[in-house]
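Novice: quick one, structure for this:
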Amino acid sequence: MTLLECKHLTKTFDRKTVLDDVSLKIEPGKIYGLLGKNGAGKTTLIKLINDLLTPTDGTILFKRKAIGVQSKAHISYLPERTYLDKNMRVSQAIKMFEDFYKDFDRNRAYKLLEDLDLDADSKLSKMSKGMQEKLQLILVMSRAADLYILDEPLGGVDPATRDYILDTILSNFKEGSSVIISTHLISDIERILDEVIFIEKGKIALTSDADKLRSKEKASIDEIFRRMFHAKKAD
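Specialist: This is a model prediction of the structure:
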């Protein structure tokens, strides 16, 4: 059964069309790259899927039902920006997630804290932006969700940490679940992708199996994207 389906999604803000007739399907057990330059419409699409925005037109189905309270219980979402209360300690953030989500695994969270070298007693206000983003990733990946949606999970961490973050994602999502990773840092994540979705100026430009696309074009996903959209290589 298709996990998530977007049908002819359109979203406008003050007469500006940010998403234009977007249709796509997310199947179980795969890692998808939602790939596009900044401003391409990635975050708007993600907010629509998480029921944080209302489509101007079109529908979104999660397990064949309209998104809402039911879907939020099964989708684990990492937003682009930090949202946790800076006065909290790490342990309090973990307790909040444990109380709020039935599928939250406290033991996994503490194991990931150790792996990513974070102190449970640390206060968020004393942590760097990168450390706070690591904590948010830990909270999201400690749920046994059906779909994980990660919006720019590598944006605030140094290049040396990015591979470690990707390995954390790979080894901690529930078997049979799917992951959508939205990013403009294509070269950093393409090794873990099963499927790619290219989005440009609010439209889906291409969807493909990642390996088949590389084989067909005899190039990396990053090179193919830059070739299509004349994008400069990200740092």
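
Novice: tell me the buried residues in stretch 38-54?
Specialist: Neighbour counts over stretch 38-54 (16 or more other C-beta atoms under 10 Å) mark 40-51, 53 as buried. Using the backbone N, CA and C atoms, a C-beta is placed for each residue, glycine as well.

Novice: could you list the low-pLDDT ranges of the chain?
Specialist: Scanning the chain for pLDDT under 70 picks out the ranges 156, 231-235.

Novice: pick the one among the buried residues of stretch 38-54 closest to residue 203.
Specialist: residue 41 (7.9 Å; C-beta to C-beta).

Novice: how about that closest one, phi and psi?
Specialist: Dihedral angles of residue 41 (phi, psi; degrees, to the nearest 10) stand at phi 120, psi 10.

Novice: hey, where'd the helices end up in the protein?
Specialist: Using DSSP state H, the helices of the chain run over 42-49, 69-72, 90-100, 106-115, 129-141, 159-172, 186-189, 210-217, 221-229.

Novice: need the winner for burial among the ones you listed.
Specialist: Of all the helices of the chain, helix 42-49 has the most neighbours on average by mean count of other C-beta atoms under 10 Å, namely a mean of 23.

Novice: using PDB, list the CA coordinates for it.
Specialist: What follows is helix 42-49, C-alpha atoms only, in PDB (Å, rounded to 0.1, in the frame of the first residue of the first chain):
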ATOM      1  CA  LYS A  42      10.700  21.900  -0.600                       C
ATOM      2  CA  THR A  43       9.800  23.300   2.800                       C
ATOM      3  CA  THR A  44       6.300  24.300   1.700                       C
ATOM      4  CA  LEU A  45       5.700  20.800   0.400                       C
ATOM      5  CA  ILE A  46       6.900  19.300   3.700                       C
ATOM      6  CA  LYS A  47       4.700  21.700   5.700                       C
ATOM      7  CA  LEU A  48       1.700  20.700   3.600                       C
ATOM      8  CA  ILE A  49       2.400  17.000   4.300                       C
END
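
Novice: show me what it is packed against.
Specialist: Packing partners of helix 42-49 (3 or more C-beta pairs under 8 Å, 6 or more residues apart in numbering; DSSP states H and E): strand 4-13, strand 16-26, strand 31-35, strand 147-151, strand 178-183.
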